[in-house]
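Enquirer: Take a look and give me a structure for this.
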Amino acid sequence: MPGVDHAGQIARLRGALGGAAVVRASECLDVCDQANVVVVQPSAAGRAAGGRPVWLGLVNDDEALADIAAWVKAGGPGLAEPPGVLDLYAFTVSRRVGKALD
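Expert: Coordinates of the predicted model:
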């Protein structure tokens, strides 16, 4: 998204997570209309508890990054409920796109 400091967002998310999770950047996830996109993958324990990847779109502000970091630090998908505000960012991807990351 123009006008958004993408590199700065990645650095701030990494800092907020404090090593609690790995942050990877990708050039394209085939959902450009939702940029910036963050995909929160469950941990092994979260996956065992039924957690699935959660796609969050239009993540263009630090408040959303803070909510994502807090959720991941609390356990993430399968282990902790996301802050309610993240419902506004969640979206479903096509099977083809989702399968590439699953």
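Enquirer: Going by C-alpha atoms from here, please, whenever you check contacts or count neighbours.
Expert: OK.
Enquirer: show me where pLDDT drops low in the chain?
Expert: The chain contains residues with pLDDT under 70 at 1-2, 97-102.
Enquirer: make it 80
Expert: 1-3, 94-102 (pLDDT under 80).
Enquirer: Show me the strands in it, by range?
Expert: Along the chain, counting by DSSP state E, strands occupy 38-40, 54-56, 90-91.
Enquirer: Pull the residues that contact the last one.
Expert: Residues outside strand 90-91 that contact it (CA atoms under 8 Å, 6 or more residues apart in numbering) are 54-57.
Enquirer: Can you lay out the strands of the chain as JSON lines showing mean neighbour count and distance to G84?
Expert: Output for the strands of the chain, formatted as JSON lines (neighbours: other CA atoms under 10 Å; distance: least, CA to CA, whole Å):
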{"stretch": "strand 38-40", "mean neighbour count": "20", "distance to G84": "15"}
{"stretch": "strand 54-56", "mean neighbour count": "20", "distance to G84": "13"}
{"stretch": "strand 90-91", "mean neighbour count": "16", "distance to G84": "10"}
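Enquirer: What ranges does this structure have for its helices?
Expert: Secondary structure of the chain by DSSP state H: the helices cover 6-17, 44-48, 62-74, 95-101.
Enquirer: from the chain's centre, how far out does the first one sit?
Expert: Between the mean C-alpha point of helix 6-17 and the mean C-alpha point of its chain there is a distance of 12 Å (CA atoms, centre = their mean, to the nearest Å).
Enquirer: cool, the third one as well?
Expert: Its chain's average C-alpha position is 9 Å from that of helix 62-74, according to CA atoms, centre = their mean.
Enquirer: How about residues contacting it?
Expert: 9, 12-13, 16-17, 20-21, 40, 59, 80-83, 86.
Enquirer: and the residues you listed, which are buried?
Expert: Buried members of those, scored by 16 or more other CA atoms under 10 Å, are 9, 12-13, 16-17, 21, 40, 59, 82, 86.
Enquirer: Adding distance to D30 as columns, could you present those in JSON lines?
Expert: Converted to JSON lines, these look like this (distance: CA to CA, whole Å):
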{"residue": "Q9", "distance to D30": "20"}
{"residue": "R12", "distance to D30": "24"}
{"residue": "L13", "distance to D30": "22"}
{"residue": "A16", "distance to D30": "26"}
{"residue": "L17", "distance to D30": "26"}
{"residue": "A21", "distance to D30": "23"}
{"residue": "V40", "distance to D30": "16"}
{"residue": "V59", "distance to D30": "16"}
{"residue": "P82", "distance to D30": "24"}
{"residue": "L86", "distance to D30": "21"}
